[in-house]
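1. got a predicted model here, sequence first, then my questions.
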Amino acid sequence: MLRLAIQKSGRLSEDSLNLIRECGISFVNSSLKLKTESTNFPLEILYLRDDDIPGYVADGVADIGIVGENVLVEEGKQSLTVEKLGFSKCRLSLAVPKTMEYNSIQDLNGKNIATSYPNLLKAYLQEQGVEADIHTISGSVEIAPSIGLAEAICDIVSSGSTLISNGLKEVERVFKSEAALIANDDLSEEKREILDKLLFRIHAVQRARKKKYILLNAPNESLDEIRALLPSIKSPTILPLAEDGWSSLHSVVNEDDFWEIIEKIKAAGAQGILVIPIEKMII
C-alpha cells in the first residue's frame, strides 16, 4: 500500500482530496481521523501539518505527499518533487501597512520583517541587495505590524482579503507557488508501480480540466474550413445527418482557445454548437 501525506485542513487539503476522488479512488474522510485507507485502490492517506510533509516523505514515513512548493523550497526539499499539480496556486508576498509610504524594496532596508518563511525571504532580500531583520513566527503573521513587532510582513497570499482586513497592502511578490506531488527517493518496485498507476490517473484528470468536447452541425461545403480551425487528438469525427448536405462534427478544444475558436467556426457556418465538459482524457 502506498502512503500519501496531505495537509490535514485548509484549501490545499480540500483540493488534494478532490483530485484523489476525481482519480476514481474512494475513501472515508473524517475530521476526527489522522489517516484513512482507500476501499478500491492500494492507497493510505495520512493527514499531517504541511510543514511536516517534506520531512516525513524524505524519511520514508510517507511514500508520497502533496504540498505547496513554498513549503518544499523553505525546507530545502524541492528535489523530492515528482511534478507540479496546477492547483492551490498562491504567492509569498511582502506587505506593509496601508499608511506607510512605499516606493521600492529598498524602503525595507534596516526594517523588521515578520514571516513564517525565513529562508525564502532571506534569499529574496539578498537578491535585491536589502538588509533587514527577519523575525520568524509560526502564525498570525498579519498582526505583527499592528503590535509593533515588525514594520512589514512576508506571508502567503491568495486573494489578498486577509491583508486588506488587517490594514496591509501587498508591495512585492517573493515567490509563486502551487501544489506539488513529491515522492521518497527509495520507493520499492511495488510502490513505484502503484505510484505510476496513480500518476496515470492524475494525468487523465489534468488533461480533461484543460479541454472541452464540442459537437456541431455544419453544411458539407463548410466542413473543410471548419476542420482547419479545429484542433483534435488525431482528427475530428464527422458523421452524416439525416438531412442531406449536412454533417455533425465532434472535436476537442483547449480551454484557453475555446471562445476564439467558437467565434471562428460559427462564422464559417457551424450551427447547434454543444459544449461538454470532459471528466477524464486518456491519450
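-> Yep, that arrived. All values derive from a computational prediction rather than experimental measurement. Residues are numbered from 1 along each chain as shown.
2. could I get the full set of helices for the stretch 51-200 of the chain?
-> Here the stretch 51-200 of the chain has its helices, by DSSP state H, counting those that start in this stretch, at 53-59, 69-75, 118-128, 161-165, 189-209.
3. of all those, which lies closest to Ala268?
-> Each of the helices of the stretch 51-200 of the chain has some distance to Ala268 by Cβ to Cβ; the shortest is helix 189-209, at 26.7 Å. In short, each C-beta sits where N, CA and C put it, glycine included.
4. I'd like to know which elements the helix or strand that the closest one is followed by is packed against.
-> The helix or strand immediately downstream of helix 189-209 is strand 211-219, counting by DSSP states H and E. On a contact count with 3 or more Cβ pairs under 8 Å, 6 or more residues apart in numbering; DSSP states H and E, strand 211-219 meets strand 246-254, helix 258-267, strand 271-277.
5. return the most buried member of those.
-> Mean neighbours per residue, mean count of other Cβ atoms under 10 Å, is largest over these for strand 246-254, with a mean of 18.
6. that one pairs with which strands?
-> strand 211-219 (antiparallel), strand 237-240 (antiparallel) (DSSP bridges).
7. of those strands, which stretch is the most buried?
-> Highest mean neighbour count among these (mean count of other Cβ under 10 Å): strand 211-219, a mean of 18.
8. what about the stretch 101-250 of the chain, any weak spots by pLDDT?
-> Judged by pLDDT under 70, the stretch 101-250 of the chain has its weakly predicted residues at 232-233.
9. and of the strands paired with strand 246-254, who's closest to Thr136?
-> Of all the strands paired with strand 246-254, strand 211-219 comes closest under Cβ to Cβ, at 43.4 Å.
10. next, the buried residues of the next helix-or-strand element following that closest one.
-> Downstream of strand 211-219, the first helix or strand assigned by DSSP H and E is helix 223-229. Going by neighbour count (16 or more other Cβ atoms under 10 Å), the buried part of helix 223-229 is 223, 226-227, 229.
11. Thr162 contacts Ile143, doesn't it?
-> No: with contact defined as Cβ atoms under 8 Å, Thr162 does not count as touching Ile143 (10.7 Å).
12. find residues that contact each of those two.
-> Both Thr162 and Ile143 lack any common contact, where contact means Cβ atoms under 8 Å, 6 or more residues apart in numbering.
13. so how many other residues sit close to Ser235?
-> Neighbour count for Ser235, taken as other Cβ atoms under 10 Å: 10.
14. also Leu149?
-> Neighbours of Leu149 (other Cβ under 10 Å): 15.
15. ok, it - contacts?
-> 112, 114, 135, 137, 143.
16. swap the cut-off to 7 Å and go again
-> 114, 135 (Cβ atoms under 7 Å, 6 or more residues apart in numbering).
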